[in-house]
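Engineer: What shape does this take:
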Amino acid sequence: MNRLRPLLLGALLFAAASSALAQKSHDWLASYNGLLRKYVTSSGVKYAEWKGNAADVQALQTVVDAIAQENVASLGKQEQLAFYMNAYNAWILHEALGKYPTRSVKDTLFTFFTGKRIKVTGEEMSFKHLENDVIRAKFGEPRVHFALNCASRSCPPLNQEAFRADSLDAQFEKLAKAFVNSEKGVVFSADKKTAELSQIFDWYKDDFKEGGPLAFINKRRSTPLPSDAKISYQKYDWSLNETK
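Structural biologist: Below you'll find the model as predicted:
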């Protein structure tokens, strides 16, 4: 029995540590959800109101601080993807609030997105690295493009709730459908047989592997685009996705 005691103690300590980590994750997710519900709308983010509430600015700081320290190595694939999606969007909000008031987070050389200005799971990185080298490269999920938000008008609207592994597929599908059925995603003229697509479908066309962007769009549009539609791309609006 004496020999078993160290093993039992080790198992108990591991279980306690795992429970503490799960609780910590739950705490920041709950806080993040509350902030999203309070400040994010279908037409944009209430940056001015948020910036004017010191407690809620600090609450978002606590969220990104937790994201910076989180360890997701032992999590399943969907849990990891949900975490990284939340990490990107939460850090975008944090950095946009830091720059507010501003007309756009984008600068001339795109350093907002390319500079190492955020920390995720202990690693300092850029938004570009998180999107391209982590989310896109590791998970191969094209619908992330309609769930990531770059604090700009032409981005798909920011989801009003945090992403969760157990509902991630449904969340992705809802957001993808909403985007391709909106004028942000597709502007179609039946008379001219023209379709102006979001530049997302041009920039990331290689991510839509099953038939390309048009097949992806038509699978989800209430009125599919005709195969002979003339395709062009909308100019991307980088102005801040703000609402009052």
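Engineer: Was I right to think residue 229 contacts residue 195?
Structural biologist: Yes. Here residue 229 reaches residue 195: they are 4.5 Å apart, a contact under C-beta atoms under 8 Å. No exception for glycine: its C-beta is placed from N, CA and C like everyone else's.
Engineer: Can you pull the residues that touch both of those two?
Structural biologist: residue 188 (C-beta atoms under 8 Å, 6 or more residues apart in numbering).
Engineer: what are the ranges of the strands in the protein?
Structural biologist: 40-41, 44-45, 118-120, 123-125, 186-189, 194-197, 230-233 (DSSP state E).
Engineer: what packs against the fifth one?
Structural biologist: In this case it means strand 186-189. strand 194-197 (3 or more C-beta pairs under 8 Å, 6 or more residues apart in numbering; DSSP states H and E).
Engineer: swap in the third one?
Structural biologist: Of the remaining helices and strands, those touching strand 118-120 by 3+ C-beta pairs under 8 Å, 6+ apart are helix 54-69, helix 77-99, strand 123-125.
Engineer: hmm, try it at 6 Å
Structural biologist: Strand 118-120 is packed against no helix or strand, with contacts defined by 3 or more C-beta pairs under 6 Å, 6 or more residues apart in numbering; DSSP states H and E.
Engineer: and it, how far from the chain's centre?
Structural biologist: On the basis of C-alpha atoms, centre = their mean, to the nearest Å, strand 118-120 is displaced by 14 Å from the centre of the chain it belongs to.
Engineer: And for the first one?
Structural biologist: Centroid separation for strand 40-41 versus its chain: 14 Å, with C-alpha atoms, centre = their mean.
Engineer: Adjacent strands (with direction) for it?
Structural biologist: Strand 40-41 has the following strand partners under DSSP bridges: strand 44-45 (antiparallel).
Engineer: Now mean neighbour count too, for the strands of the chain, in CSV please.
Structural biologist: CSV is the format used below for the strands of the chain (neighbours: other C-beta atoms under 10 Å):
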stretch, mean neighbour count
strand 40-41, 18
strand 44-45, 20
strand 118-120, 20
strand 123-125, 14
strand 186-189, 16
strand 194-197, 18
strand 230-233, 12
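Engineer: Quick check: which of the ones you listed is nearest to residue 164?
Structural biologist: strand 40-41 (16.3 Å; C-beta to C-beta).
Engineer: dump the residue contacts of residue 229.
Structural biologist: When contacts are counted by C-beta atoms under 6 Å, 6 or more residues apart in numbering, residue 229 touches 193, 195.
Engineer: For residue 199, see how far away it is.
Structural biologist: 17 Å (C-beta to C-beta, to the nearest Å).
Engineer: so who does the nearest residue to residue 243 once chain neighbours are set aside touch?
Structural biologist: Nearest non-adjacent residue to residue 243, counting by C-beta to C-beta, 6 or more residues apart in numbering: residue 44, 3.4 Å away. Neighbouring residues of residue 44 by C-beta under 6 Å, 6+ apart: 241-243.
Engineer: From residue 151, how far out is the closest residue to residue 148 other than its chain neighbours?
Structural biologist: Using C-beta to C-beta, 6+ apart and skipping residues adjacent in sequence, the residue nearest residue 148 is residue 88, 5.5 Å away. As for residue 88, its distance to residue 151 is 11 Å (criterion: C-beta to C-beta).
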